[in-house]
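>>> here are the coordinates; sequence isn't available:
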Ligand SMILES: NC(=O)c1ccc[n+]([C@@H]2O[C@H](COP(=O)([O-])OP(=O)(O)OC[C@H]3O[C@@H](n4cnc5c(N)ncnc54)[C@H](O)[C@@H]3O)[C@@H](O)[C@H]2O)c1
Ligand SMILES: O=C(O)CC[C@@H](O)C(=O)O
């Protein structure tokens, strides 16, 4: 069996935020036993202490791996975000430190799309208000503002995995789908692309957001955009909290411009289930509030646990970086029993390969196979070589200016 430069017993794996237990099982089955599980995100001081000797870190959307938290990660080798979003991680800094980040790009897609479809039906029927009143002992039997989904227009912002999956469900319910995406996306079924957000907004009965949190999308729905929605429209946000100006949304609901909303993500979310939840939307009966559970189904969490743990284990065991979000992608074969695998992560600048090759030739080490991939500022070279001891070559490689990290598998 392949030996790692640091043995599996010594590799510290930390899984935060209640990652599904299948992830731990997968690590244990593969021989990793130094595993530490946390149900939520510890406060920054404790977190930084935990991170200081962590080699492999698994988080969900809550843990901020940025600034002081990331600076504390002296030994971090790889990160898994056990979710779709990676905005909670400073990807650029991880890249420059030679840390690949892996996620699960579509393991919870269907769960989010199903929840949003259900919310659209509930909003159009006025169920949130009727439900709230019934809980207060009030009988509100009325068809006023209660509508079918059939024939209504759903506007989708971001026609990626979730947006397009939602389109399929909505069309099956008889909705007309119009979408806006910054990329040119294939219209599914009878859906139609609209060329700008401003053009889309006045045309919809329900607007649903499915864009990532980026500089372009933050606050993309503010007072101006809400005013462009027709009076009586609904808003669904199961993307990220900062995409909507939450105070502007509260105002639009207060003045009766919007008829309701379903919000799963918030600008500030409690760190754990024991912390209080505050929002300017608490007062509205016609708003469905959910605690960021769009992707929280058994099916999704099991899929995510297996997908992300598998990617982390593959990277740790053989160097493969397939589908890393910030790193050159290399899919490597199993290491031949007689060979040593040397992995060199470096700044992507001219002359690096020449110096790496020179290091091997100057030590008369024969290269059996070589893989190279670069992405932006970073290069990743993997050499399968014949050598008795890897220490001399590792030391020489570490001396090359621009080297970020060297790992070895035997
Ligand atoms: N509520 C939850 O539990 C939950 C679960 C999963 C994902 N999410 C969120 O949903 C987001 C979308 O997920 P996905 O899997 O569909 O992602 P995706 O990458 O497949 O799709 C995102 C789409 O948004 C488009 N886009 C990006 N910037 C845009 C802009 N400024 N204007 C218009 N379109 C833009 C992209 O081109 C892409 O087509 C994730 O980034 C994540 O933040 C939330
Ligand atoms: O499970 C989570 O914490 C986040 C889920 C979702 O927002 C995602 O990005 O996949």
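That came through fine. Every value quoted in this text rests on a predicted model; they were computed, and no experiment measured them. Numbers count the residues shown, from 1 in each chain. Ligands and ions are numbered 1, 2, ... in the order given.
>>> in the helix ranked longest in the chain, what's buried?
In the chain, assigned by DSSP state H, the helix with the most residues is helix 298-318. By neighbour count with 16 or more other CB atoms under 10 Å, helix 298-318 contains the buried residues 300-301, 303-318. C-beta here means a position set from N, CA and C on the backbone, and glycine is covered the same way.
>>> average pLDDT for whatever helix or strand comes next after that helix?
Following helix 298-318 in sequence order, the next helix or strand is strand 340-347 (DSSP states H and E). On average, the pLDDT along strand 340-347 is 96.
>>> residue contacts, the spatially most central residue of the chain?
In the chain, the centroid-proximal residue (CA atoms, centre = their mean) is residue 85; its distance is 2.1 Å. Counting by CB atoms under 8 Å, 6 or more residues apart in numbering, residue 85 touches 61, 103, 212-213, 240.
>>> tell me the mean pLDDT for the longest helix of the chain?
Rounded mean pLDDT across helix 298-318 is 97.
>>> how about stretch 115-129?
98.
>>> does that stretch come close to ligand 2?
No: Stretch 115-129 is not in contact with ligand 2 by CB under 6 Å from any ligand atom; minimum separation 11.2 Å.
>>> distance-wise, check the closest residue in space to residue 52 that isn't next to it in sequence relative to ligand 2.
Leaving aside its sequence neighbours, residue 52 sits nearest to residue 72 (CB to CB, 6 or more residues apart in numbering; 5.3 Å). Using CB to the nearest ligand atom, to the nearest Å, residue 72 is found at 21 Å from ligand 2.
>>> likewise for residue 9?
For residue 9, the distance to ligand 2 - CB to the nearest ligand atom - is 30 Å.
>>> can you check residue 174 too?
For residue 174 relative to ligand 2 (CB to the nearest ligand atom), the value is 28 Å.
>>> that residue: neighbour count?
11 (other CB atoms under 10 Å).
>>> residues contacting the spatially closest residue to it that is not a sequence neighbour?
Closest residue to residue 174 apart from its sequence neighbours, by CB to CB, 6+ apart: residue 150 at 3.4 Å. With CB under 8 Å, 6+ apart as the criterion, the residues that contact residue 150 are 173-175.
>>> could you list the low-pLDDT ranges of this structure?
Counting by pLDDT under 70, the ranges of the chain that qualify are 1-5.
>>> name the element the closest residue to ligand 2 within the stretch 201-350 of the chain belongs to?
The minimum distance from the stretch 201-350 of the chain to ligand 2, using CB to the nearest ligand atom, falls at residue 295 (4.0 Å). Following DSSP H and E, one finds residue 295 outside all helices and strands.
>>> pretty sure it contacts residue 113?
No: look at residue 295 against residue 113 with CB atoms under 8 Å: they stay out of range, at 10.3 Å.
>>> these two - which one has more neighbours?
More crowded of residue 295 and residue 113, by other CB under 10 Å: residue 295, with 27 against 24.
>>> ok, now how distant is the more buried one from residue 116?
Distance, residue 295 to residue 116, using CB to CB, to the nearest Å: 11 Å.
>>> phi, psi for residue 395 please.
phi -60, psi -40 (degrees, to the nearest 10).
>>> quick one, what contacts it?
Contact analysis of residue 395 by CB under 8 Å, 6+ apart lists nothing.
>>> residue 66 versus residue 365, what's the distance?
Distance from residue 365 to residue 66, by CB to CB: 39 Å.
>>> and the strand or helix carrying residue 116, does that touch ligand 1?
For residue 116, the element it lies in under DSSP H and E is helix 109-124. Yes: applying CB under 6 Å from any ligand atom, one finds helix 109-124 in contact with ligand 1 at 109, 112.
>>> neighbours around residue 401, how many?
Using other CB under 10 Å: residue 401 sits among 10 other residues.
>>> which ones are touching residue 326?
Counting by CB under 8 Å, 6+ apart, residue 326 has contacts 86, 91-92, 94-95, 100-101, 375.
>>> go through the residues you listed and flag which are in helices.
91-92, 94-95.
>>> about what we covered before: redo the contacts of residue 85 as TSV? Include distance to residue 13 and neighbour count.
TSV is the format used below for the contacts of residue 85 (distance: CB to CB, whole Å; neighbours: other CB atoms under 10 Å):
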residue	distance to residue 13	neighbour count
61	19	21
103	17	22
212	27	15
213	27	18
240	27	23
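>>> can you list which of these are found in helices?
Using DSSP H, none of these sit in helices.
>>> near ligand 1, list only the ones from those residues.
212-213, 240.
>>> nearest to residue 129, of these?
residue 240 (26.3 Å; CB to CB).
>>> which one is the closest one nearest to, not counting chain neighbours?
Using CB to CB, 6+ apart and skipping residues adjacent in sequence, the residue nearest residue 240 is residue 213, 3.8 Å away.
>>> same question for residue 306.
residue 22 (5.6 Å).
>>> what's the burial count for whatever residue of the stretch 201-350 of the chain ends up closest to ligand 1?
In the stretch 201-350 of the chain, the residue that lies nearest ligand 1 is residue 294 (2.7 Å; CB to the nearest ligand atom). Residues contacting residue 294 under the criterion other CB under 10 Å number 24.
>>> count the residues that sit near the residue nearest to residue 349 when sequence neighbours are not counted.
Leaving aside its sequence neighbours, residue 349 sits nearest to residue 402 (CB to CB, 6+ apart; 5.9 Å). With neighbours defined by other CB under 10 Å, the count for residue 402 comes to 12.
>>> residues touching residue 402, list them.
Contacts of residue 402 (CB under 8 Å, 6+ apart): 346-347, 349, 352.
>>> got it, and residue 263?
235-237, 244, 249, 279, 281, 287-290.
>>> name only those of the residues you listed that count as buried.
So, by 16+ other CB under 10 Å, the buried ones in the contacts of residue 263 are 235-237, 244, 249, 279, 281, 287-288.
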